[in-house]
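Build me a structure from this.
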Amino acid sequence: MEAKTVSQSRSISTDIILPGQTNYHGTVFGGTLLQSVDKVATIAAMRHSQRPVVTASSEAQFISPVGLGEAIELTASVIWTHRSSMEIQVTGIVEDLLTGLKKQAVIVFLTFVGLDDNHKPAQVPEVIPETDEEKRLFKLGESRYHERKLKRAAMQ
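Have a look, this model is predicted:
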């Protein structure tokens, strides 16, 4: 199984926020935004592993609201891999399409597991970080993996 660079599986999605996607504040529902995050992360995970995948966990940080008529650009990258799991970082940038002002809206870390034909965990390719930022995120992904492992052990 050949390792892949972060850029080989990167996935980008841009959408405009419409009235049916907003709450009474005029901002996008968090669940609607997370659904879009999960989709773009799924594409990155499947591109990387070339396997069916399932979301195992997610941790979201909402930074700025995304309002009606604004665009949201989501970028998903596989930042770390283990035997059958992958950590994907999704960043969301909101853009006011009338002024051009952009700001960070959300950052989400998701863990996906690659599946075999029997829907059991299957080996995924290693990820190769190339840039300094990718190397920093790779180390963060490894640390987050060990933290999740400790939390699972503490819950048993």
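
Contact partners for the closest residue to Pro121 other than its chain neighbours?
Nearest non-adjacent residue to Pro121, counting by Cβ to Cβ, 6 or more residues apart in numbering: Ser84, 3.8 Å away. (Glycine included, C-beta is placed from N, CA and C.) Ser84 makes contacts with 113-114, 121-124, as judged by Cβ atoms under 8 Å, 6 or more residues apart in numbering.

Next, work out how far apart Ser84 and Asp116 are.
9 Å (Cβ to Cβ, to the nearest Å).

Show me whatever sits in contact with both of the two.
Ala122.

Go through stretch 57-69 and flag the buried ones.
58, 60, 62, 65-67 (16 or more other Cβ atoms under 10 Å).

what secondary structure does the residue nearest the centre of the chain sit in?
With distances taken as Cα atoms, centre = their mean, Val90 lies nearest the centre of the chain, 3.4 Å away. Of the three states, Val90 takes strand under DSSP: H, G, I helix; E, B strand; the rest coil.

ok, now which ones touch it?
Neighbours of Val90 in contact, by Cβ under 8 Å, 6+ apart: 37, 40-41, 74-76, 106-110.

If you rank the residues you listed by neighbours, which is first?
When neighbours are counted by other Cβ atoms under 10 Å, Ala41 leads these with 29 neighbours.

Can I get the strand or helix carrying that one as CSV, trimmed to CA atoms?
Using DSSP states H and E, Ala41 maps to helix 30-49. Output of helix 30-49 as CSV, limited to C-alpha atoms (Å, rounded to 0.1, in the frame of the first residue of the first chain):
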residue,chain,number,x,y,z
GLY,A,30,-24.7,24.1,13.3
GLY,A,31,-26.0,20.7,12.3
THR,A,32,-26.3,21.8,8.7
LEU,A,33,-22.7,23.0,8.7
LEU,A,34,-21.5,19.8,10.3
GLN,A,35,-23.3,17.8,7.6
SER,A,36,-21.4,19.7,5.0
VAL,A,37,-18.2,19.1,7.0
ASP,A,38,-18.8,15.4,7.2
LYS,A,39,-19.4,15.2,3.4
VAL,A,40,-16.2,17.0,2.4
ALA,A,41,-14.2,15.0,5.0
THR,A,42,-15.7,11.7,3.7
ILE,A,43,-14.5,12.6,0.2
ALA,A,44,-10.9,13.3,1.5
ALA,A,45,-10.9,10.1,3.5
MET,A,46,-12.1,8.0,0.6
ARG,A,47,-9.7,9.7,-1.8
HIS,A,48,-6.8,8.8,0.6
SER,A,49,-7.8,5.3,1.4
